[in-house]
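Engineer: kindly generate the corresponding structure for this input.
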Amino acid sequence: MAIGKIIRRSLSGEKRLNNVPKGHFVVYVGELEGEKKRFVIPVSYLKHPSFKELLLLAEEEFGFDHPTCGLTIPCSESLFVEMISRFR
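Structural biologist: Residues are numbered from 1 along each chain as shown. Sure thing, here's the model as predicted:
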């Protein structure tokens, strides 16, 4: 299955609250403020050890006060896509 079918991406400025399918959640990925991308990913990724490491990075960077009012992962978009493409 192509990575594009697994992950749906849009600009973080767009409000797409109704476009999150059951069994998925939204994360915002990026290192620079204002340049974060929105990803809709399967809940099953939460149990993957590499994703747990990303969550620890987010906790260290933001605590529970995320600037986008959603879960923000402080890494490059390319690293994030590369990492989660290995989860399947």
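Engineer: phi first, then psi, for Gly23.
Structural biologist: Main-chain torsions, Gly23, degrees, to the nearest 10: phi 90, psi 10.
Engineer: how much space separates the residue nearest to it when sequence neighbours are not counted from Val27?
Structural biologist: Nearest residue to Gly23, sequence neighbours excluded (CB to CB, 6 or more residues apart in numbering): Val43, at 5.4 Å. Where you see a C-beta, it was placed from the backbone N, CA and C, and this is true even at glycine. Between Val43 and Val27 the distance, using CB to CB, to the nearest Å, works out to 11 Å.
Engineer: between the two, which has more neighbouring residues?
Structural biologist: Val27 (24 against 10; other CB atoms under 10 Å).
Engineer: and the more buried one, how far is that from Lys36?
Structural biologist: For Val27, the distance to Lys36 - CB to CB - is 9 Å.
Engineer: joint contacts of the two?
Structural biologist: The contact sets of Val27 and Lys36 overlap at Thr72 (CB atoms under 8 Å, 6 or more residues apart in numbering).
Engineer: which residues does the spatially most central residue of the chain form beta bridges with?
Structural biologist: Compute the mean C-alpha point of the chain, and by CA atoms, centre = their mean the closest residue is Val27, 3.1 Å away. Beta-bridge pairing of Val27 under DSSP bridges involves Phe39, Leu71.
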